[in-house]
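> Fold the following, please.
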Amino acid sequence: MCTVVIRVPASSDEPTRVLAIRDEDPSRPWNPLGRWWPESHDGVLGVRDIRAGGAWLAADPGESRLAVLLNRADVSTRPESEITSRGNLVLDSVAGRTIDGTPTTHGFNLVEVDGPSARVVTWDGETVHTQELAPGTHMIAHDDVDDASTPRIARWLDDFRSARLEDDERWWDPWIEILERTAELDSTDDAAIIRDNRPYGYPTLSLLACVASVGADTVDVRYGELSEPGRLDGLDLS
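Numbers count the residues shown, from 1 in each chain. The predicted structure follows:
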């Protein structure tokens with residue numbers, strides 16, 4: 001399951017910082033960060049799921065919005081024939097459209113960043129819940145925000161909170177250094193962030209990461225792929 005680390009600023013003059021790690025089936029094709037929706041979402045760039053056409057992460061620099069999607073277990077009894085892709089939620093979010101009514105997707109945590117503010121919209125198959133994120137550093141995976149019952153959050157949240165992010169071109173380096181330390185764990189360890197989820201019944205491994213700085217009037221997103229699925233051996237974010 002994917003992991004997001006986000007630092008929400010105390011001042012609207014400062015940007016929101018995001019680190020997002022994507023876990024997915026390596027056989028499911030994707031396009032790297034780019035402008036893949038020129039007709040329907042002009043100006044939006046993101047990581048595109050080729051099969052369904054939506055996005056895992058997307059940003060609209062002109063509107064200072066960013067969104068990233070994490071899967072979440074749900075209790076829905078909706079038949080699979082009626083289930084729709086979650087990727088469109090990300091594109092709707094950066095277009096400024098909120099979730100209206102009952103989603104027809106599987107469960108999710110949708111992280112939405114709007115300049116210096118952020119929220120997480122959760123769908124568990126029964127209800128939609130929105131949590132505004134207070135200033136500070138948070139982690140989100142497949143359960144609740146800062147959920148201490150999620151081993152990777154319990155193990156690493158304090159480290160990410162303690163990291164000092166400088167206001168320079170490579171502000172993300174302290175977080176990547178922590179990510180490299182997390183990768184010293186076996187990728188099947190419950191506390192690992194760089195993951196191999198196959199022993200748990202999911203065909204997913206960590207494949208790529210993005211970092212983003214979302215200010216009041218701009219978004220800067222960087223993208224990098226892991227050298228091989230489930231293994232962090234250097235990460236070139238460009």
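> where does residue 48 fall, helix, sheet strand or coil?
When classified by DSSP: H, G, I helix; E, B strand; the rest coil, residue 48 comes out as strand.
> dump the residue contacts of it.
Taking CB atoms under 8 Å, 6 or more residues apart in numbering, we find residue 48 in contact with 30-31, 34, 36-37, 54-55. From N, CA and C alone the C-beta is placed, and that goes for glycine too.
> Same check on residue 79?
Per CB under 8 Å, 6+ apart, neighbours of residue 79: none.
> Next: residue 224.
For residue 224, the contact set (CB under 8 Å, 6+ apart) comprises 208-210, 235-238.
> remind me which residues of the chain are low pLDDT?
The model of the chain has no residue with pLDDT under 70.
> now the helices for it?
87-94, 151-162, 173-182 (DSSP state H).
> and residue 30, how many neighbours does it have?
17 (other CB atoms under 10 Å).
> my read: it touches residue 49, true?
Yes. Contact criterion CB atoms under 8 Å: residue 30 and residue 49 qualify, at 5.7 Å.
> any common contacting residues for those two?
Common neighbours of residue 30 and residue 49 (CB under 8 Å, 6+ apart) are residue 56.
> pretty sure residue 29 is touching residue 51, no?
Yes. Shown here, residue 29 and residue 51 form a contact pair, counting by CB under 8 Å, at 6.7 Å.
> tell me how far stretch 203-217 is from the chain's mean position?
How far stretch 203-217 lies from its chain's middle: 6 Å, per CA atoms, centre = their mean, to the nearest Å.
> Can you list the buried residues in that stretch?
By neighbour count with 16 or more other CB atoms under 10 Å, stretch 203-217 contains the buried residues 204-215.
> quick check, nearest of these to residue 133?
Taking CB to CB as the measure, residue 133 lies nearest residue 214 of the buried residues of stretch 203-217, at 12.4 Å.
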